[in-house]
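Undergrad: build me a structure from this.
(2 chains)
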Amino acid sequence: MSADQEELFERLATAVFELDEALAAKLSQEVLDRGYDAWNAVEHGLLAGVNRAGKLFDEEEYFVPELLIAADAMYAGLAILRPHIKGHDSGFNRKVVIGVVQGDTHDIGKNLVRIMLEVAGFEVHDLGRDVPPRKFVEAAIALKADVIALSTLMTTTMERMGEVVSILEAEQVRNRFKVIVGGSPLSQQFSDRIGADGYAPKAAQAVELTKRLVGLVNAA
Amino acid sequence: MAQVHFRSHDLRIEVEKGSSLLDAARRGRIRLDAPCNGAGTCGKCKVRLDDDARDAARIVASDKLSEADRRDGFVLLCTTLVEGDLALDMPVGAEHGLKILEHGQQIDLPLAPWIGKRHRPELNATEVLSGADVIAQEPGDTTPYSYGLAIDIGSTTIVASLIDLGTGSRVGSASALNPQAHHAQDVLSRIKLGSTPEGLALLAGEVIGEINRLIGELVAEARIPRRRIYEAVIAGNTCMLHLAAKVDPEPLGRYPYTPTLTGDRHLSSRALGLAISKSGLVYVPPIVSGFVGADITAGMLSASLAEAKGVTLFVDIGTNGEMVLARDGHLQATSTAAGPAFEGMNIACGMRAAQGAIERVSLEGGDVSVQTIGDAPAVGLCGSGLLDAIAELAVHGVIESSGRFTKNRGALPPGLQARFGERDGKPVFHLTETVFLSQGDIRQVQLAKGAVRAGIDVLLRRNGLIAAQVDRALIAGSFGYHLTVRSLLDIGLFPPEFDGKAEYVGNTSQTGAEALLTHAPSRESLARLVRAVEAVELANDDAFTKVFVAAMAFPRPNRPELEAVA
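TA: As a prediction, this is how the structure comes out:
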C-alpha cells in the first residue's frame, strides 16, 4: 500500500472517529477517484474508525450518541464504496440474525450491537423490533445463520427469549444455532435459565461472546 | 431461629437462619430502597457491619460493592444471610419521611358533585344520590354530611385528600409511600408481577390497604365516620389504576401497550375494597393510553389545557416523562421512558429525597457548595440534587457537551480541580468527601434528560413548530416541583427558548382529581376532550433516534445558544 493511500485511509478513519459524516463521504469518493481498492478503504478506513470509537465507548469516553454518529459516518462512506467492492474475504463468513423480541420496540441497544458485529466482520441480518419468536427461527433456518441474537429493554418482554429457544428445540434445530441475549433487565442467570448460549452486558462484549461461540476466539 | 437487632431502630426481629438481612428489615417494617427487590443487582441496600456481626452472617459477594466499600466493611442486606444473633445500624435515610408534594394548580369551578343528598321528611330519611339514582337511604336528615376523596396513586407516593362535598372545601390531606415499591420498584416490574393472579392480588392489596390506612387517618383527624364518604376519585398512571382496580396489567407490558381499563367509569367501592360507605363509588378518570394515564388527563383539566390559547407544553417529569402539547384546544400526548435516574436510582450515590440528601449544588466562585434536606450531613444525592449538580458541572465546564469529564482539567479553577478523584480506576467528581458523581452517573442522566427532551422536540417537530413558538411550558408532578427551571435549561432538558416561559403547576393529578370530585360536569367534558387527544408513539417516529441522540448533549458552558439540535 502506498504512503498516499495509507494516509488517505487514515484520514478516513479519523473522519469516522471524529464523527464527521460529510468528510467521511467526501474522502470515500476520493478513494474511488484515485482508483484505490474500495475494500481496503472500508477495512483500514471506515471500520478502523468505528473500531476506535467502539474502544472509547468501552472506556466510557464515548457514549451512545458518539457511537451512533460514528456509525452514520461509516454508513455514509459505505454507501459510496460498497458498489465498488470486488469479492473479498474477511477471513470468515459467519451470519447473525438479530432483533428486538416481540412486544418491545426499543432498538437503540440492538442497533449498537448490530453495528459492532458488522464492524467485526459478521454478516448481520436485522429483523428489526417487535419480532415474534417464530420469525427469529424461520429467518435463522432460511439464512443458515450461525447465531441468533435477541435483545430487549423491558422486564415484561424478556420471557419471549425463552420461547425462541423452545421453538428451536421443538423444531429439533437447537444445535444448529448459538443463541445470545442482551438488554438491561437481563443477567447471566437469566440466560442460563432459558437455555441461551450466552449473555453479554455490553455491546462490545457481545462481539467477543459471538466470536467465542462460533469458534473465532483468535480471529481478527 | 436467630435474632437481628436493628440498633438504629431499637428493634429486634426473629428470623429463620439463612434469611437475608433485607428480609429481617422488611419483617421489622423498616422502609428502605431496594429497587431490585433483593436480586442483588441494584446495590442500594448497602450497610456496614462490624466484625461481630460479620462473624454471625454469611456474606455472599456482590459486584455492586466497590473494593473500597468491601474494605470498609460494607455488605448488601439482600446478599447477607443471618447465621446467628447479630446487631447492626441501618443507614441514614431508612424510614425517614420523604418530601411529598400534595397539591397542584387549582381551577375555579362551581360546586356540583356527582354525589347528592335528598332529605325525605315524610320517610324521616335521607336518600344518597349518584347522579339521579338513589344508591342508599339513611335514617334522619344527614344532608349536611357528605364527603368525598380525591386520591392520586403514583408509582412512588400516594396522596389522598378528604373533601366536604357540601362546601367543596378540603378537610384534610395525607400522603404515604406506595408500598408496592417493596415488591417491585419500577412500573415494568410491577406489570410483570401483576400479570400473575397472586401478584395482582398482592399489589392490589398493598395499595388499597395503604389507601384505607390514609382514609383512617383522615377521618380520625376530621372526626367523621367513614360511612359518610360516598365517593373517591382515583387518578394515577395507567398501570397504577389497573393494579388498584385488580385488572390484569399484562397488556401494558408489551407493544402497543393497550390498556384494558379505559377510565371514565364508576366502579363500586366494595369491589375495590375501599373502606368508605358500603354503597360508595369510585370514579376513574379517562385514560389515553398505556403510558398516558388518568394522572395526565386529570392534569389536563387542572391546568385548563383545553382552554389555553396559543401553544402550551405540559410536562410531567418523572420515571416516565409524559407530556401534552396543547395548541388552541387540540391536544397531543406522548410519553418517554426516562428511566429511574431522576429518582436517584442507578446512581452511585443516589438516594430518595430523604434526610441528608443533597438537593442543591452550586459551583459558583470556583468551589462546590451543597445544601441538604433537613440541613443534615450529606449522605447521598436525590434526583433534584443530581440534576442541579450535573447542570452546574455542564455550566462550569467540568463536563463537556458530550457528557464526558473534561480533558482540560487544568483550565478549571483550582477548587474544582481538587474535586476530582478516582473510584475503581475511573474518574469521579466529589461534591463532598463521601458523595461523588461518576461518569456512569452522568450517562444515566443524559439518557433520562435526552429522552424527555427528545419527546419535546419530536412533538414540536410533528406539528411544524419550533421551541420559540411555545408560549408556556408547564412543569407538573411532584418531582418537577423540586427542580429549578435554571437547571432544566442548563442540562438541556428544556430548550433554551423556554427561559422565562416555564412555570410549576404542582401535583395536578391530585388537584385534577379534586376538581372531578367536586364538579361532576367536568367528567363528561374531560372524557370528550380525551377522546380527541392524539396519542403519539415516539418509537414509531422515524426521526426519534436521531433526535434522541442530539438531545443527549449538554448545552455548551455558559452559552446555551450554541447547543446543536439535529
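Undergrad: for the nearest residue to residue B:516 once chain neighbours are set aside, list the residues it contacts.
TA: Closest residue in space to residue B:516, ignoring its immediate chain neighbours: residue B:233 at 4.8 Å, by CB to CB, 6 or more residues apart in numbering or on different chains. No exception for glycine: its C-beta is placed from N, CA and C like everyone else's. By CB atoms under 8 Å, 6 or more residues apart in numbering or on different chains, the residues touching residue B:233 are B:148-151, B:282-285, B:513-514, B:516-517.
Undergrad: after whichever strand or helix holds residue B:233, next one along is what?
TA: In the assignment (DSSP states H and E), residue B:233 maps to strand B:229-236. For strand B:229-236, the following helix or strand on the C-terminal side (DSSP H and E) is helix B:238-244.
Undergrad: quick one: list the elements packing against that following helix.
TA: On a contact count with 3 or more CB pairs under 8 Å, 6 or more residues apart in numbering or on different chains; DSSP states H and E, helix B:238-244 meets strand B:147-153, helix B:187-194, helix B:197-222, strand B:229-236.
Undergrad: and the strand holding residue B:233, which strands flank it?
TA: Paired with strand B:229-236 in the same sheet, following DSSP bridges, are strand B:147-153 (parallel), strand B:281-284 (parallel).
Undergrad: is the helix ranked longest in chain A anywhere near chain B?
TA: When chain A is parsed with DSSP state H, its longest helix is helix A:64-81. Yes - contact of helix A:64-81 with chain B (CB under 8 Å from any CB of the partner chain) involves A:64-66, A:68-69.
Undergrad: please export the alpha-carbon coordinates of that helix; CSV is fine.
TA: Extracted C-alpha coordinates of helix A:64-81, given in CSV (Å, rounded to 0.1, in the frame of the first residue of the first chain):
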residue,chain,number,x,y,z
VAL,A,64,-24.3,6.2,22.7
PRO,A,65,-24.5,9.4,20.6
GLU,A,66,-20.9,9.3,19.6
LEU,A,67,-21.1,5.6,18.6
LEU,A,68,-24.3,6.1,16.6
ILE,A,69,-22.9,9.2,14.8
ALA,A,70,-19.6,7.3,14.1
ALA,A,71,-21.7,4.5,12.6
ASP,A,72,-23.7,7.0,10.5
ALA,A,73,-20.4,8.3,9.2
MET,A,74,-19.3,4.8,8.4
TYR,A,75,-22.6,4.0,6.6
ALA,A,76,-22.2,7.2,4.6
GLY,A,77,-18.8,6.1,3.3
LEU,A,78,-20.0,2.5,2.8
ALA,A,79,-22.9,3.7,0.6
ILE,A,80,-20.3,5.2,-1.8
LEU,A,81,-17.7,2.4,-1.6
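Undergrad: which of the residues in it are buried?
TA: Counting neighbours by 16 or more other CB atoms under 10 Å in any protein chain shown, one finds that the buried residues in helix A:64-81 are A:64-78, A:80-81.
Undergrad: before we move on, what about stretch B:274-286?
TA: By neighbour count on 16+ other CB under 10 Å, the buried set for stretch B:274-286 is B:274-277, B:279-286.
Undergrad: any idea how far residue B:470 is from residue B:501?
TA: Distance of residue B:470 to residue B:501, given as CB to CB, to the nearest Å: 6 Å.
Undergrad: flag every residue of chain A that's near chain B.
TA: Checking chain A against chain B by CB under 8 Å from any CB, the hits are A:60-66, A:68-69, A:102-108, A:111, A:129-130, A:153-157, A:185, A:187.
Undergrad: low pLDDT regions in the chain?
TA: Just going to use chain A. Scanning chain A with the threshold set as pLDDT under 70 gives A:87-91, A:217-220.
Undergrad: was after chain B, sorry
TA: The model of chain B has pLDDT under 70 over residues B:26-41, B:92-102, B:106, B:557-566.
Undergrad: what does it have sitting close to chain A?
TA: Residues of chain B lying close to chain A (CB under 8 Å from any CB) are B:41, B:186, B:188-189, B:191-192, B:195, B:250, B:252-255, B:337, B:402-404, B:426, B:439-440, B:443, B:446-447, B:539-540, B:545, B:548-550, B:552-553.
Undergrad: tally of neighbours for the nearest residue to residue B:166 once chain neighbours are set aside?
TA: Distance criterion CB to CB, 6+ apart; nearest residue to residue B:166, sequence neighbours excluded, is residue B:146 at 5.5 Å. Look at residue B:146: counted by other CB atoms under 10 Å in any protein chain shown, it has 23 neighbours.
Undergrad: same question for residue A:99.
TA: 26.
Undergrad: show me the contacts for it.
TA: A:110, A:126-129, A:131, A:135-136, A:149-151.
Undergrad: so what's residue B:246 up against?
TA: By CB under 8 Å, 6+ apart, the residues touching residue B:246 are B:200-201, B:204, B:272.
Undergrad: next, give phi and psi for it.
TA: phi 60, psi 40 (degrees, to the nearest 10).
Undergrad: roughly how far apart are it and chain A?
TA: In this view, residue B:246 and chain A are 18 Å apart by CB to the nearest CB, to the nearest Å.
Undergrad: after the helix or strand containing residue B:437, which helix or strand is next? Please name it.
TA: Residue B:437 is part of strand B:436-438, with elements assigned from DSSP H and E. Once strand B:436-438 ends, the next helix or strand along the chain (criterion: DSSP H and E) is helix B:439-462.
Undergrad: how far is that next one from where the chain is centred?
TA: 18 Å (CA atoms, centre = their mean, to the nearest Å).
Undergrad: that helix versus helix A:64-81: what angle between them?
TA: 60 degrees (axes from the mean of the first three to the mean of the last three CA atoms, to 10 degrees).
Undergrad: helix B:439-462: which residues count as buried?
TA: So for helix B:439-462, counting by 16+ other CB under 10 Å, buried means B:439, B:441-460, B:462.
Undergrad: the helix or strand following that helix packs against which elements?
TA: Sequence order places strand B:472-476 as the next helix or strand after helix B:439-462, per DSSP H and E. Counting contacts by 3+ CB pairs under 8 Å, 6+ apart, strand B:472-476 packs against strand B:311-316, strand B:502-506.
Undergrad: most tightly packed of the ones you listed?
TA: strand B:311-316 (a mean of 24; mean count of other CB atoms under 10 Å in any protein chain shown).
Undergrad: okay, now the sheet partners of the following helix or strand past that one, with direction.
TA: The element immediately downstream of strand B:311-316 (helix or strand, assigned by DSSP H and E) is strand B:320-327. Strand B:320-327 has the following sheet partners, assigned by DSSP bridges: strand B:311-316 (antiparallel), strand B:330-337 (antiparallel).
Undergrad: skipping adjacent residues, who's closest to the residue of the stretch 51-200 of chain B found nearest chain A in space?
TA: Closest to chain A within the stretch 51-200 of chain B is residue B:188: 4.5 Å, counting by CB to the nearest CB. Nearest residue to residue B:188 in three dimensions, chain neighbours excluded: residue A:155, at 4.5 Å (CB to CB, 6+ apart).
Undergrad: the one you found is in contact with residue A:186, isn't it?
TA: No - contact criterion CB atoms under 8 Å: residue A:155 and residue A:186 do not qualify, at 9.3 Å.
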